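*Asks:* Show me how the following folds:
(one chain, ligands or ions: 2)
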Amino acid sequence: MNRPFLLGLTGSIGMGKSTTAKMFAEEGVPVWDADATVHALYARGGAAVPAIAEAFPGVVVDGAVDRARLREVLNGEKQALSLLESIVHPLTTASRMAFIKAHSDADLILLDIPLLFETGADKICDAVLVVSVPAEHQRARVLARGTMTESQLDLILDRQLPDAHKRARAHHVIETHTIEGTRAAVRQLIAEIRARHA
Ligand SMILES: CC(C)(COP(=O)(O)OP(=O)(O)OC[C@H]1O[C@@H](n2cnc3c(N)ncnc32)[C@H](O)[C@@H]1O)[C@@H](O)C(=O)NCCC(=O)NCCS
Ligand SMILES: Nc1ncnc2c1ncn2[C@@H]1O[C@H](COP(=O)(O)OP(=O)(O)OP(=O)(O)O)[C@@H](O)[C@H]1O
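*Replies:* Ligands and ions are numbered 1, 2, ... in the order given. Model (predicted):
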């Protein structure tokens, strides 16, 4: 049996990664989700909790990382975000490797990683899918969630490779304007990959 085809999924904040990843999962594709992994690492008993408690006093509450407090500490502070990443990224890499090993009999695995290019994770992928919408839709989508201020959003955007660069490096791009259009594109891509790598 061939090893699984590793499809990386990325896109800047609010571009529709989670929505698109869910569609792959609904088609039976195993999905590894970097953001969900970070949530588990931050939960009570999570592997990142002790190091974050030490690096950012007051951010761990009842044994878990309090994301609102963490966002406050990070607000506008590039160095704090770099320190946080140096704690979190090695732990997510280990989780991803374990997931790929556990699904070694699948024909296709989706790796949903916001910082796919920025962390070099694209190098382990057989192809990369980028999801995208115009910048004004992106900003409106993120601010509509009501979890971030504009300055918190700008800090995040500043850390992310610009959308145009991501699209230029992608093997496949899906514009996530509508749910049904995106679902059709996801199904077509899965069929294409399966046909070529059967
Ligand atoms: C900054 C934090 C506290 C914001 O938490 P919050 O619950 O508000 O948002 P959430 O985690 O859902 O992230 C929303 C989006 O922000 C973007 N984002 C998150 N972390 C980063 C980062 N370090 N650099 C650039 N973009 C990021 C991604 O597009 C992500 O999907 C949180 O994302 C975090 O702890 N990030 C550090 C860990 C990390 O690098 N995660 C990225 C996945 S590997
Ligand atoms: N295909 C789509 N059609 C229409 N709207 C969409 C589509 N995909 C996502 N959206 C909208 O965009 C918002 C952001 O989508 P989603 O949470 O999937 O993005 P994300 O890239 O995972 O975001 P983040 O980087 O913050 O984790 C959603 O709240 C949803 O309203």
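
*Asks:* What distance do you get for residue 2 to residue 169?
*Replies:* Residue 2 is 25 Å from residue 169, where distance means CB to CB, to the nearest Å. (Glycine included, C-beta is placed from N, CA and C.)

*Asks:* quick one, which of those two is more surrounded?
*Replies:* residue 169 (14 against 7; other CB atoms under 10 Å).

*Asks:* That one contacts residue 128, doesn't it?
*Replies:* Yes: counting by CB atoms under 8 Å, residue 128 is a contact partner of residue 169 at 6.7 Å.

*Asks:* what residues do the two have in common as contacts?
*Replies:* Counting by CB atoms under 8 Å, 6 or more residues apart in numbering, the shared contacts of residue 169 and residue 128 are 117, 122.

*Asks:* Could you pull out the strands in the chain for me?
*Replies:* For the chain, applying DSSP state E gives strands covering 5-10, 31-33, 60-61, 64-65, 108-112, 127-132, 172-175.

*Asks:* Give me the residue ranges of this structure where confidence is low.
*Replies:* 1, 76 (pLDDT under 70).

*Asks:* Tell me the residues of it that contact ligand 2?
*Replies:* Within reach of ligand 2 by CB under 6 Å from any ligand atom, the chain has these residues: 11, 13-19, 35, 114, 141, 176-179, 182.

*Asks:* rewinding a little: looking at the strands of the chain, which is nearest to ligand 1?
*Replies:* Ligand 1 lies closest to strand 64-65 among those, at 7.5 Å (CB to the nearest ligand atom).

*Asks:* Go ahead and name everything in contact with the closest one.
*Replies:* 42, 43, 44, 46, 48, 49, 52, 59.

*Asks:* quick revisit: export the strands of the chain to a markdown table and tack on mean neighbour count?
*Replies:* Formatted as a markdown table, those follow (neighbours: other CB atoms under 10 Å):
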| stretch | mean neighbour count |
| --- | --- |
| strand 5-10 | 23 |
| strand 31-33 | 23 |
| strand 60-61 | 16 |
| strand 64-65 | 20 |
| strand 108-112 | 24 |
| strand 127-132 | 24 |
| strand 172-175 | 18 |
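
*Asks:* Residue 148: which of those is closest?
*Replies:* strand 64-65 (16.8 Å; CB to CB).

*Asks:* quick one: strands adjacent to the closest one?
*Replies:* The strands beside strand 64-65 in its sheet (DSSP bridges) come out as strand 60-61 (antiparallel).

*Asks:* got a winner among the residues of the chain next to ligand 2 for most neighbours?
*Replies:* Counting neighbours by other CB under 10 Å, residue 11 comes out on top of the residues of the chain next to ligand 2 with 28 neighbours.

*Asks:* That one against residue 19, yeah?
*Replies:* No: with contact defined as CB under 8 Å, residue 11 does not reach residue 19; the gap is 10.2 Å.

*Asks:* Now do the contacts for residue 31.
*Replies:* 21, 22, 24, 25, 109, 110, 112.

*Asks:* and it, bridged to which residues?
*Replies:* With DSSP bridges as the rule, residue 31 is bridged to residue 110.

*Asks:* Would you check how far apart it and residue 181 are?
*Replies:* Distance, residue 31 to residue 181, using CB to CB: 20 Å.
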